[in-house]
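**Student:** Let me see the structure of the following:
(one chain, ligands or ions: 1)
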Amino acid sequence: MPRVAFGYKCQECGQGAVLEKIFPEYKTKVKGYPLVVENARIGVCDRCGAEHFDPNETVRWRALLQEKQSEFYLRPDDIKHLRKELGLPMEQFAALLGCTRQSLYNWERSDRTVPQSRMADLFMRLIRESRSLGQIDVLGYLTAQAEKAGFHLAISSKAKPTAPILAFARKIPLSKLSTQVHHTLSLAADTESQQEAVALVTEDNNAIATLSYDYQDAKLILLFLHAVPFVEFDAEIRFKDGKQTTGEHATIKNQEATVLTKTTHTEEDVAQIRLLPQELLSTSESK
Ligand SMILES: [Zn+2]
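**Tutor:** Now for the predicted structure:
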């Protein structure tokens, strides 16, 4: 595309001549986004001051905007790649991100005009980082992101990762637990609806695991509902009859841990369990 030769008559006032002018820092908006263009080449009328634009120049501005945005936002290909890695169709990934399928579709378009929201972008980045690095330090990540965005963030975790977790045994309908566990348990129970499981629920109402008794091996088993940041723990168990015991060195494997062996106490007898994590799962160990 040839450069527009300025010098023509201004269409605005019909009198002045449009002359080329270079603006070292031209503040404008491209597709609604604020952009500062260095050495912007614009035609300005020497009479009325109206600005005239060369399409060739504005193409350059659009490219500048894309370049600038790609530093802050995942690119369409990145999003599509991440979604495929997770094995999710658009509907499901959109549901996870809290957006419509149409929005996600637009973000994945290579010729998109608007990137994803900052929040969706951050969420996707966290998923991506976690997948490649294992468990990530979210606060550390946010601090780094803030640095990039040009402000300082100093936050540290309040949680002591090795702090004991106190959880109470509660009967919860299987339908309220995660689908994965629901599936496993309902197969075992061989009944579809209205089944309940004994779950361990923390004081802030977070179900962390289900509790079950293995009649064959006479052991008490925890099935974790989410990943936890430790693999080995002691379990201080208090039963409904007031008796107390400690299961030592329980190890989580495939989200499952035996907390007590050779016991006649079933999950129905448990009142509460205090989990005492023995170690932290370090980032270097996880994949
Ligand atoms: Zn003019």
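
**Student:** Show the average pLDDT along stretch 42-56.
**Tutor:** Average pLDDT, stretch 42-56: 94.

**Student:** and it, is it in reach of the ion?
**Tutor:** Yes: judged by C-beta under 5 Å from the ion, stretch 42-56 and the ion are in contact via 45, 47-48, 50. All C-beta atoms are positioned from the backbone trio N, CA, C, and that covers glycine.

**Student:** what about residue 174, neighbour count?
**Tutor:** Using other C-beta atoms under 10 Å, residue 174 has 23 other residues around it.

**Student:** for the record, mean pLDDT for stretch 107-114?
**Tutor:** Mean predicted lDDT for stretch 107-114 stands at 89.

**Student:** can you tell me the residue of the stretch 51-200 of the chain closest to the ion?
**Tutor:** residue 52 (8.9 Å; C-beta to the ion).

**Student:** Leaving out the residues flanking it, which one is nearest to that residue?
**Tutor:** residue 43 (3.7 Å; C-beta to C-beta, 6 or more residues apart in numbering).

**Student:** Spell out which residues sit in contact with residue 206, please.
**Tutor:** Counting by C-beta atoms under 8 Å, 6 or more residues apart in numbering, residue 206 touches no other residue.

**Student:** can you pull the pLDDT of it?
**Tutor:** Residue 206 is given a pLDDT of 83.

**Student:** Over to residue 70?
**Tutor:** 69.

**Student:** again, but for residue 75
**Tutor:** Reported pLDDT for residue 75: 89.

**Student:** Then residue 186?
**Tutor:** pLDDT, residue 186: 50.

**Student:** Residue 237 too?
**Tutor:** pLDDT, residue 237: 96.

**Student:** ok, how many other residues are close to it?
**Tutor:** When neighbours are counted by other C-beta under 10 Å, residue 237 registers 23.

**Student:** let's have the chain start at 51 instead
**Tutor:** Will do, 51 is the new start, and the previous item becomes residue 287.

**Student:** That one and residue 313 touch, don't they?
**Tutor:** No: taking contacts as C-beta atoms under 8 Å, residue 287 lies outside contact range of residue 313: 9.1 Å.

**Student:** what about the residue of the stretch 101-250 of the chain closest to the ion, how many neighbours?
**Tutor:** 17.

**Student:** returning to what we had before: sort out which of the residues of stretch 92-106 next to the ion are buried, if you could.
**Tutor:** Listed as buried from the residues of stretch 92-106 next to the ion are residue 95; burial here means 16 or more other C-beta atoms under 10 Å.

**Student:** Can you flag which of the residues of stretch 92-106 next to the ion belong to strands?
**Tutor:** Within these, residues falling in strands by DSSP state E are residue 95.

**Student:** Identify the farthest-apart pair in the residues of stretch 92-106 next to the ion.
**Tutor:** 97 and 100 (8.5 Å; C-beta to C-beta).

**Student:** overlap in contacts of these two?
**Tutor:** 60, 63, 66.

**Student:** Return the members of these classed as buried.
**Tutor:** 60, 66.

**Student:** could I get the shared contacts of residue 97 and residue 100 as JSON lines with distance to residue 159?
**Tutor:** Formatted as JSON lines, the shared contacts of residue 97 and residue 100 follow (distance: C-beta to C-beta, whole Å):
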{"residue": "60", "distance to residue 159": "38"}
{"residue": "63", "distance to residue 159": "41"}
{"residue": "66", "distance to residue 159": "42"}
